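>>> sequence below, structure please.
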Amino acid sequence: MNLKYDFTNTGDFEMKVTTFFGLEDILAKELMQLGGRDVEVFKRGASVTGDIGFLYKANLCLHTALKVLIPIAKFEASTEQELYDNIKLLEWEKFISVTDSIMIEAVLNSDFFDHSLYVSQKVKDGIVDRFRDKTGSRPDVDLIHPAFKVYVHIYKNEVSLHLDSSGEPLYKRGYRSDINQAPMKEVLAAGLVKLSGWEPHQLLIDGMCGAGTIAIEAALWANNIPPGYYRNDFTFMKWRNFDESLYETVYDSSINKIKNNKVEIIANEIEALTIKKAKINVKNAKVDDVITCNHQSFFDITTERKTGVIILNPPYNERMALAETEKMYKEIGDKLKKDFKNFVAWIITSAPEGVKSVGLRPSRKIQLYNGSLDCRFLKYELYEGTKKIHKILPKP
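Got it, this is the predicted structure:
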């Protein structure tokens, strides 16, 4: 069986880059801006063509990517024996040696296979049995820090195999050393900032900032700081084709593109312990020069700026009474109408019953997921008067 990619390949090859649902177009734009070719969107990701240097750059610089995967093989299997036999036929020695460690992760959408851990075990068996037959030895399994993580996706009877070049998910930036109980993933936060249309010359208010993730991700975008700057470990660094000199060139080039724009970002949080954690994260990310962290309720914020963007992630608690939820969202709407005329406000929420109490009609609704929560990212354009009146006023 032919491999789509192996370590003798020194030219371009296909990569599959994953993201969260709803961020696919943002990711595709990022890939094109990085210099990727043949970018095509698929559900929760995008495919792209590039060389090994692009793979390094993608892991280092993408804000909305979860993983950078390399497709290596595809075949059909309807039974566990067919799966095992096809795995064993692949020339794994073109990637892996007996001294390497491996890990298998399986995701299934199939009537033929219904137990991901069992599929992972059969794939592992096929790999190690090939090495044992050929060399008398076998690679070890390491579930924490493997040199090779093989990602298996089965749809019906189609089996796709990928090498995971990233290792830990790319939302694990490295700057967040302390988190609150319900942290938003950095990749989702970065996506919210881009979806909001905020630009660095505008004021940004993260009004219920929690651990400060939205504000920090905005600061990274604004000054072109690569999210991988804070990490020193990607799985591709353990591969025998790792070109350290090329990686250093890519890294240095990315660091040299960091800007020092004058940016104003305000992060507010009412809980004292939580804002303390946010300040630590902001300092760890080295963006404390552009983010002001305030121990203050969103409802007490005032600003002299006449326009800007507000992003709110209101607290969510399944045990919160409906009346309490409705009251909080009504207060949010009242605050926006009273103090933020001519701003654009965005709210990410999984509480549709609360949204009805805002008292404003969203001009845009985007479906997203915050963990397992089905959310809507809602845009509110806060005109001075009604939208109709605003539109018919003569231009100055």
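
>>> now the end-to-end length of stretch 17-26.
Stretch 17-26 has an end-to-end distance of 12 Å (criterion: C-alpha to C-alpha, to the nearest Å).

>>> element containing V282, please.
Assigned by DSSP states H and E, V282 belongs to helix 272-284.

>>> likewise S120?
Taking DSSP H and E as the criterion, S120 maps to helix 116-135.

>>> so which elements touch that helix?
Packing contacts for helix 116-135, counted by 3 or more C-beta pairs under 8 Å, 6 or more residues apart in numbering; DSSP states H and E, involve helix 80-89, strand 101-109, strand 148-155. Glycine gets a C-beta too; all of them are placed from N, C-alpha and C.

>>> and with 10 Å instead?
Applying 3 or more C-beta pairs under 10 Å, 6 or more residues apart in numbering; DSSP states H and E, one finds that helix 116-135 makes contact with helix 80-89, strand 101-109, strand 140-141, strand 148-155, strand 158-164.

>>> and after the last one, which helix or strand comes next?
So the one you mean is strand 158-164. Counting by DSSP H and E, the element after strand 158-164 in chain order, helix or strand, is helix 186-196.

>>> what element comes up after that next one heading to the C-terminus?
Note on helix 186-196: by DSSP H and E, the next helix or strand toward the C-terminus is strand 204-206.

>>> next, the buried residues of that following strand.
In terms of neighbour count (16 or more other C-beta atoms under 10 Å), strand 204-206 has its buried residues at L204, I205, D206.

>>> what are the contacting residues of the helix holding V282?
Residues from elsewhere that reach helix 272-284 (C-beta atoms under 10 Å, 6 or more residues apart in numbering): 173-181, 183, 206, 208-213, 215-216, 219, 230, 265, 267-269, 271, 287-296.

>>> try it again at 6 Å.
By C-beta atoms under 6 Å, 6 or more residues apart in numbering, the residues outside helix 272-284 that reach it are 175-178, 180, 209, 211-212, 267, 269, 288, 291, 293, 295.

>>> may I ask which of those residues has the most neighbours?
For those, the largest number of neighbours (other C-beta atoms under 10 Å) sits with G212, at 32 neighbours.

>>> mind pulling up the pLDDT for the residue nearest to S350 when sequence neighbours are not counted?
Closest residue in space to S350, ignoring its immediate chain neighbours: L373 at 4.1 Å, by C-beta to C-beta, 6 or more residues apart in numbering. L373 carries a pLDDT value of 91.

>>> so the closest residue to R37 other than its chain neighbours: helix, strand or coil?
Of all residues not flanking R37 in the chain, T49 sits nearest, at 4.5 Å (C-beta to C-beta, 6+ apart). State at T49, reduced to three classes by DSSP: H, G, I helix; E, B strand; the rest coil: strand.

>>> how about the contacts made by T49?
Taking C-beta under 6 Å, 6+ apart, one finds D12, E14, R37, D38 in contact with T49.

>>> list the contacts for the second one?
What it means is E14. T49, P71.

>>> coming back round to it: may I have the helix holding S120 exported as CSV, CA atoms only?
Output in CSV follows, covering the C-alpha atoms of helix 116-135 (Å, rounded to 0.1, in the frame of the first residue of the first chain):
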residue,chain,number,x,y,z
SER,A,116,-12.6,4.0,19.6
LEU,A,117,-10.3,2.5,22.3
TYR,A,118,-10.6,-1.0,20.7
VAL,A,119,-9.8,0.5,17.2
SER,A,120,-6.8,2.3,18.7
GLN,A,121,-5.6,-1.0,20.1
LYS,A,122,-5.9,-2.9,16.8
VAL,A,123,-4.0,-0.1,15.0
LYS,A,124,-1.3,-0.2,17.6
ASP,A,125,-1.2,-4.0,17.2
GLY,A,126,-0.7,-3.8,13.5
ILE,A,127,2.1,-1.3,13.8
VAL,A,128,4.1,-3.1,16.5
ASP,A,129,3.5,-6.5,15.0
ARG,A,130,5.1,-5.3,11.7
PHE,A,131,8.2,-4.1,13.6
ARG,A,132,8.4,-7.3,15.7
ASP,A,133,8.2,-9.5,12.5
LYS,A,134,10.9,-7.5,10.8
THR,A,135,13.3,-6.6,13.6
